[in-house]
Every structure is written in C-alpha cells, then in structure tokens.
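> Quick one: sequence plus predicted model below, questions after.
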Amino acid sequence: MTSSDSPDCLFCTIVAGDLPADVVASSDTAVAFRDIAPKAPVHVLVVPREHYPDVPALAASAPEVLADVVALADGVASDLADGQYRLVFNTGPKAGQSVFHVHAHLLAGGHLPGFD
Ligand code: 5GP
Ligand code: ZN
C-alpha cells in the first residue's frame, strides 16, 4: 500500500507534503520529522513513506524498509544528539499507539528515564 492509498492517514499526509512538519532527514523510503509534543530533548518520528499500520506489518512485508527506518533514526541521533538513543514502536492502542502508520519514536538528547 502506498502513501496515496491512505489519504485519511495523518502521516501519509505529512509524507506527501500536504501537512507541514519539521522534517529533519529523509531517504528514498523513509522520512524523519519532529514530534509535535516532544517527550525528550530530541523527539523525532521516523516513518516509512509507504503506509503500513504497525511494525509487525512492516517487518513482514518490507523488512528492508524497516532497516531503512532504523538507519535513518541512527543518523538523526548522530546529527541532533550524541548518537545514544531510545527507539520505540508503540504497537496497539493499549501500548499507546494513536496513529496507525508505523512510526519509530526516536528519543535522545539527554539522560532518559528508566522504565520503572
Ligand atoms: P503514537 O501515540 O501513535 O505512538 O505516536 C503518535 C505521535 O504523533 C505522538 O507522539 C504525537 O505527539 C505525534 N503527533 C500527533 N499529531 C501530530 C502532527 O500533526 N504532527 C507531528 N509532527 N506529530 C504529531
Ligand atoms: Zn499512512
């Protein structure tokens, strides 16, 4: 499924350039933009250009694109922080997923709190 197949998807709209976003990096297959409500000094969302609802769907259908998402996130973490980061894929509403276009939360730029 391509971006144009999901016109009602918020992140497809951002990828298409039809909704403004603070894009910090991009590749042929993925786009990285700042989260509108940052939870860390650096909080960037990294999304594939094509629409997949969540990370298991992306991993099953296009594992090479998942690798691209991780590589783009790693580059952004080096550019905007010190290369140390947390990468989070919320998967499902109970886990906090609210946008069903797979996205990695890249959190960096400081000492991040633990999970306890
Ligand atoms: P989720 O809750 O699905 O894991 O993450 C969705 C993220 O998208 C949230 O962290 C939220 O702040 C962010 N977000 C929601 N709407 C927008 C928007 O219009 N622009 C940007 N840049 N981020 C958004
Ligand atoms: Zn989408």
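The structure has been received and is ready for your questions. What you see is a predicted model, and the numbers here were worked out from it, not measured in a lab. Ligands and ions are numbered 1, 2, ... in the order given.
> Name the residues of this structure found near ligand 2, please.
S6, C9, F11, C12, H51, H101 (C-beta under 5 Å from the ion). To be clear about C-beta, it is placed using only N, CA and C from the backbone, and glycine gets the same treatment.
> Which helix or strand contains the closest residue to S26 other than its chain neighbours?
Counting by C-beta to C-beta, 6 or more residues apart in numbering, S26 lies nearest to A32, which is 6.7 Å off, once chain neighbours are set aside. When secondary structure is defined using DSSP states H and E, the element that contains A32 is strand 30-34.
> Dump the C-alpha coordinates for the helix or strand just after that strand into CSV.
The element immediately downstream of strand 30-34 (helix or strand, assigned by DSSP H and E) is strand 42-48. The C-alpha atoms that make up strand 42-48 are tabulated as CSV, following Å, rounded to 0.1, in the frame of the first residue of the first chain:
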residue,chain,number,x,y,z
VAL,A,42,15.2,15.3,20.8
HIS,A,43,11.9,13.5,19.9
VAL,A,44,11.7,12.6,16.2
LEU,A,45,9.3,10.3,14.4
VAL,A,46,10.7,8.2,11.7
VAL,A,47,8.1,6.7,9.2
PRO,A,48,8.3,4.7,6.0
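> so what secondary structure elements neighbour strand 42-48?
Counting contacts by 3 or more C-beta pairs under 8 Å, 6 or more residues apart in numbering; DSSP states H and E, strand 42-48 packs against helix 10-15, strand 30-34, helix 63-80, strand 104-108.
> touching ligand 1 at all, whichever helix or strand comes after the third one?
I take that to be helix 63-80. Using DSSP H and E, the next helix or strand after helix 63-80 towards the C-terminus is strand 85-88. No: if you take C-beta under 6 Å from any ligand atom as the test, strand 85-88 misses ligand 1, and the best it gets is 7.6 Å.
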